[in-house]
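Colleague: Provide a 3D model corresponding to the input given below.
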Amino acid sequence: MNPASPGDDHGDVPQAPALEYPLDYTFKIMGLAGDDFAEHARRLVDAVLGAGSAPPERVRVRRSSGGKYHSISVVARLSSEAERRAVYVALRADARVVYYL
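Modeller: Have a look, this model is predicted:
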């Protein structure tokens, strides 16, 4: 999570370089390992962007060396910066999400 910049009212929403939309964007979401965490992370993104925006085949899971955490990469099609920011707001609000990029 990135600290908010002075005058930035978006909190911990990562600042992106100028992006050209539409584009495929990868959200990296970390949380405690669990059988359903990858699906939970995918559904968070899908809930913001609309059903089918983050299909299961575009989700990748990496396990930490100790096995305690999972890093989930969810690729979704974005049409605007507002969509990207809305996903980060949802990730920040979710209790199961430990960290996101």
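Colleague: pick out the residue closest to the middle of the protein.
Modeller: Centrality entry for the chain: nearest residue to the mean C-alpha point is Phe27, 3.8 Å, by CA atoms, centre = their mean.
Colleague: disregarding flanking residues, what is the spatial nearest neighbour of Pro22?
Modeller: Ser79 (4.7 Å; CB to CB, 6 or more residues apart in numbering). Where you see a C-beta, it was placed from the backbone N, CA and C, and this is true even at glycine.
Colleague: quick revisit: for the closest residue to the residue nearest to the centre of the chain other than its chain neighbours, give me the pLDDT.
Modeller: Leaving out its chain neighbours, the residue that sits closest to Phe27 by CB to CB, 6+ apart is Val74, at 4.8 Å. Here the pLDDT value assigned to Val74 is 98.
Colleague: likewise for Asp9?
Modeller: At Asp9, pLDDT is 51.
Colleague: what sits up against stretch 23-36?
Modeller: Stretch 23-36 has contacts (CB atoms under 8 Å, 6 or more residues apart in numbering) with 19, 37, 40-41, 44-45, 63-64, 67-78, 84, 87-88, 91, 96-101.
Colleague: what comes up buried for it?
Modeller: 25, 27-31 (16 or more other CB atoms under 10 Å).
Colleague: okay, now the unreliable bits of this structure?
Modeller: 1-14, 16-17 (pLDDT under 70).
Colleague: re earlier: can you select the buried ones from the contacts of stretch 23-36 in ChimeraX?
Modeller: Those of these that count as buried under 16+ other CB under 10 Å are selected in ChimeraX with:
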select :37,40,41,44,45,69,70,71,72,73,74,75,76,77,78,84,87,88,91,97,100
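Colleague: bridge partners for Ile72, pull those for me.
Modeller: Per DSSP bridges, the residues bridged to Ile72 are Ile29, Val61.
Colleague: hmm, it is touching Glu39, no?
Modeller: No: counting by CB atoms under 8 Å, Ile72 does not reach Glu39; the two are 9.3 Å apart.
Colleague: the strands in the protein, which residues?
Modeller: Ranges of strands in the chain, per DSSP state E, are 23-32, 59-63, 69-78, 97-100.
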